[in-house]
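Novice: sequence unavailable; structure follows:
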C-alpha cells in the first residue's frame with residue numbers, strides 16, 4: 001500500500017478497498033455499511049484492523065451491535081418514512 005504518499009481522500013479510498021473484502025467475509029449483508037463505519041475511525045486503527053483478523057472481528061461485531069440497536073430503536077413512523085413510494089408499483 002502506498003498510503004503515506006496519498007492524499008486524504010485517496011487514503012480513505014485505499015483503506016476501504018482493502019478493508020471491504022475482509023468485512024464482506026465476516027458480514028456480507030451489511031459489508032458496505034460496516035466498512036463505512038470502520039473508516040470513520042483513525043487511520044492507524046484501521047491499519048491495525050487490516051493486520052489483525054481478531055481485532056477486525058471484534059470491531060465488526062461492535063458495528064453490527066450498533067446497527068441492530070439503531071434498527072430496534074427506530075419508530076414505525078421512521079421505518080415507513082424510509083420506504084420508497086415507487087417500489088413495487090404496477091405499470
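Specialist: Looks like it came in fine. These figures come from a predicted structure and were not determined experimentally.

Novice: for the most centrally placed residue in the chain, what are phi and psi?
Specialist: A centroid search over the chain (C-alpha atoms, centre = their mean) returns residue 34, at 1.9 Å, as the residue closest to the centre. Comment: the main-chain dihedrals of residue 34 come out as phi -60, psi -40, following degrees, to the nearest 10.

Novice: could I get the buried residue list for stretch 59-79?
Specialist: Within stretch 59-79, the residues that qualify as buried by neighbour count (16 or more other C-beta atoms under 10 Å) are 59-60, 63-64. Every C-beta, even on glycine, is put in place using the N, C-alpha and C of the backbone.

Novice: closest one of those to residue 24?
Specialist: In terms of C-beta to C-beta, no member of those lies closer to residue 24 than residue 60, at 10.2 Å.

Novice: give me phi/psi at that closest one?
Specialist: Phi and psi for residue 60, reported as degrees, to the nearest 10, are phi -60, psi -40.
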